[in-house]
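Participant: Got a sequence here, can you build the structure:
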Amino acid sequence: MAAFPTEKTRTDADGCRETVLQAPSSHEAVESIIDRLSHVIRGLPLSDTARYRLQFVVHEALTNAVTHGNRVDPTKLVTATCRCGPDQVTVTVEDEGEGFDPGSVPDPTAEPNILRESGRGIFLMRSYADACRFENGGRRVVLVKRYDLPHDGPPTSTDRLALASGRVRPPPSCPCAQGLRGSAGASPAHPHSGGFRARGR
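Facilitator: So this is what the prediction gives:
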């Protein structure tokens, strides 16, 4: 099946644009949806850092949905819905899997789990998004990013962890790239380079 997502766009009664991207579960679908999402959010009042962090958390959510939710089953769909509101953008990612309990995922900052890769995705989603909640038995994650928040500027230790994951590379103008270049070890993969690495949630 093709990895290219189907796309539907509408404007709701409040004048907010909503774009729905849907594709059969595959690693290629994750990259295709992220590629389309980057165009959808291009005109929003987000700094380079905020835009990078939004794409990163959506990439994490999509990766979890495809890998852990749908088990890379091409007969199951992964859906990303992006709603551009007056003061924030909300992206909802949903899979057709069995669901899971987010509370059961180990805390990656706890001493016994520091060297483990599982659990980092949810930790980073909660760190980067201004709101992150799981619904429908863990099959749906709702990510909110408000426009132009001051804390979206300076790079942080969380940015180092994100860069080390190799999921999404920030643009050269992003403070994350300038302030942390070379500090994360391995060179992070570009979201469209096929640099996917499966790991725990």
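
Participant: Which secondary structure elements does the longest helix seen in the chain sit against?
Facilitator: With secondary structure taken from DSSP state H, the chain has its longest helix at helix 48-64. Contacts defined by 3 or more Cβ pairs under 8 Å, 6 or more residues apart in numbering; DSSP states H and E place helix 48-64 against helix 27-40, strand 77-84, strand 88-94, helix 120-128, strand 140-146, helix 175-180. (Each C-beta comes from the backbone N, C-alpha and C, glycine too.)

Participant: For the fourth one, C-alpha coordinates in PDB please.
Facilitator: Output in PDB follows, covering the C-alpha atoms of helix 120-128 (Å, rounded to 0.1, in the frame of the first residue of the first chain):
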ATOM      1  CA  ARG A 120      11.700   8.500  26.300                       C
ATOM      2  CA  GLY A 121       9.100   9.200  23.600                       C
ATOM      3  CA  ILE A 122       6.200   9.900  26.000                       C
ATOM      4  CA  PHE A 123       8.600  11.900  28.300                       C
ATOM      5  CA  LEU A 124       9.600  14.100  25.400                       C
ATOM      6  CA  MET A 125       6.100  14.600  24.200                       C
ATOM      7  CA  ARG A 126       5.100  15.800  27.700                       C
ATOM      8  CA  SER A 127       8.200  18.000  27.900                       C
ATOM      9  CA  TYR A 128       7.800  19.700  24.500                       C
END
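
Participant: got the angle between the helix or strand following it and helix 48-64?
Facilitator: Sequence-wise, the next helix or strand downstream of helix 120-128 (DSSP states H and E) is strand 131-135. In terms of direction (axes from the mean of the first three to the mean of the last three Cα atoms, to 10 degrees), strand 131-135 departs from helix 48-64 by 20 degrees.

Participant: Go ahead and confirm residue 41 touches residue 90.
Facilitator: No: in this structure, residue 41 is not within contact of residue 90 by Cβ atoms under 8 Å, at 11.2 Å.

Participant: Okay, now the unreliable bits of the protein?
Facilitator: 1-3, 113, 115, 117-119, 149-201 (pLDDT under 70).

Participant: can we see that at 80?
Facilitator: By pLDDT under 80, the weakly predicted segments of the chain are 1-3, 106-119, 148-201.

Participant: For residue 130, see how far away residue 87 is.
Facilitator: Distance, residue 87 to residue 130, using Cβ to Cβ, to the nearest Å: 11 Å.

Participant: List the contacts of residue 57.
Facilitator: Shown in contact with residue 57 (Cβ atoms under 8 Å, 6 or more residues apart in numbering): 91, 124, 125, 128, 129, 132, 143, 145.
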